[in-house]
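Colleague: coords please:
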Amino acid sequence: MTRWTQIGGDMSWERHGAVLALDEPTHRQVHLLRIDPWIEHEREAAVSHGLYLVDEKTLDYDDLGDESKDLRGALSYVGMELDEYEKLPPVHRAEILASYSGYDESRSVDRLAEALPAAAGEIEFWAGKESPEKLDAYDREMRLEALQANFDTHLTAGEMPPDEALAFALAGQPFEMDLKGQDAMAFEYAMAVAEASGSTDTNEEFATTVRALAAAPEPGELGRAKLDEVTRVLEEWERRHGDPADEDDGIAAAARSLASSMMESIGFVWT
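Modeller: Numbering: from 1, shown residues only. Predicted coordinates:
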């Protein structure tokens, strides 16, 4: 086994955990790494510690023999006879002993890429080859599950979640948008009316931007000075999409819809 290989855990390793191993015969050592999503054991820890618990251990070949002080207990723990154990390769012997005696080092991380001991494509998983894109998708799914397990994600329309919930949902990353068409014009309109920057780089800026979108007034509610500021975008909307003051399909309705979509994309539903 010249590369990291999954030897334990689940086919859906990203959701239910895995044990990875690297056998180094020239150094007479086995390296083990176990990944467990915190949500499987303690839901609050996914917020306070990180999404994944990572345990590591290195065992020398000499630790895997019949004279190991933990062998009798380990065999009893897994329900295995000594002759069965002796037929196993070093990596599986190491896993049995580690499952009984424990791992030496532990850490918590928020991303699977930080948990893995090598690039995803270089590790042999039971379910097949992985990629950075898949890892990112797994992280998003895990964060959403942890968010729903720890916070109220169904909110009244226009309501913002507590700061802790929003911070967890955004995971310390800028919220990226690629606005086009109606969304782009509605965004420009709402930011101009609210005199907001429209930035979403931090939790606070994201919340400010969403609030500005959710509170976008109808064009008919604007004073003359504010209306003059948004004349261009209103005229462009009318040319492309019809009446900007339409209650259901106008520019303010589009702004509110965009705010709702932004919240939904990070795990919150406005009802």
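Colleague: quick one: secondary structure of T26?
Modeller: helix (DSSP: H, G, I helix; E, B strand; the rest coil).
Colleague: ok, and the closest non-adjacent residue to H16?
Modeller: Once flanking residues are discounted, H16 sits nearest to D10: 3.7 Å by Cβ to Cβ, 6 or more residues apart in numbering. C-beta: built from backbone N, CA, C; applies to glycine.
Colleague: so what's that neighbour up against?
Modeller: For D10, the contacting residues are H16, G17, A18, by Cβ atoms under 8 Å, 6 or more residues apart in numbering.
Colleague: try M160
Modeller: Contacts of M160 by Cβ under 8 Å, 6+ apart are L166, A207, V210, R211.
Colleague: now for the contacts of D10, which sits with the most neighbours around it?
Modeller: Looking at the contacts of D10 with neighbours defined as other Cβ atoms under 10 Å, the largest count falls to A18 at 23 neighbours.
Colleague: surely that residue meets W4?
Modeller: No: applying Cβ atoms under 8 Å as the test, A18 and W4 come out as separate, 10.4 Å apart.
Colleague: overlap of the contact sets of the two?
Modeller: By Cβ under 8 Å, 6+ apart, no residue touches both A18 and W4.
Colleague: do you know how far the most far-flung residue of the chain relative to its centre is from A216?
Modeller: Within the chain, the residue lying farthest from the chain centre (Cα atoms, centre = their mean) is R224, at 45.5 Å. Per Cβ to Cβ, to the nearest Å, R224 is found 18 Å from A216.
Colleague: just S101 next, same as before
Modeller: 61 Å.
Colleague: who has more neighbours out of those two?
Modeller: A216 (26 against 18).
Colleague: hmm, who's touching the helix or strand where M185 lies?
Modeller: Secondary structure assigned from DSSP states H and E places M185 in helix 181-194. For helix 181-194, contacts defined as Cβ under 8 Å, 6+ apart pick out 179, 196-198, 209, 211-213, 215-217, 222, 226, 229-230, 233-234, 236-237, 240-241, 251-252, 254-255, 257-258.
Colleague: not counting sequence-adjacent ones, nearest residue to L144?
Modeller: Excluding its sequence neighbours, the residue lying closest to L144 (Cβ to Cβ, 6+ apart) is G267, at 4.9 Å.
Colleague: then R111?
Modeller: Closest to R111 by Cβ to Cβ, 6+ apart is D139, at 5.4 Å.
Colleague: what do you get for P174?
Modeller: Counting by Cβ to Cβ, 6+ apart, the residue nearest P174 is D201, at 4.4 Å.
Colleague: on the three-state scheme, that neighbour is what?
Modeller: For D201, the assignment made with three-state DSSP gives coil.
Colleague: how many other residues sit next to it?
Modeller: D201: 13 surrounding residues under other Cβ under 10 Å.
Colleague: how close does L97 sit to D63?
Modeller: L97 is 7 Å from D63, by Cβ to Cβ.
Colleague: the two: who's more crowded?
Modeller: When L97 and D63 are compared on other Cβ under 10 Å, the one with more neighbours turns out to be L97, at 26 against 20.
Colleague: what's the neighbour count on H27?
Modeller: 11.
Colleague: and it, what pLDDT?
Modeller: pLDDT for H27: 94.
Colleague: quick thing: my sequence starts at 59, can you match it?
Modeller: Shifting the count to begin at 59 puts that one at H85.
Colleague: just list the residues touching it, thanks.
Modeller: Counted by Cβ under 8 Å, 6+ apart, H85 has zero contacts.
Colleague: for it, give its distance to V251.
Modeller: 66 Å.
Colleague: now do the helices in the stretch 109-258 of the chain.
Modeller: For the stretch 109-258 of the chain, applying DSSP state H, counting those that start in this stretch gives helices covering 129-136, 140-144, 148-159, 170-173, 190-208, 221-228, 239-252.
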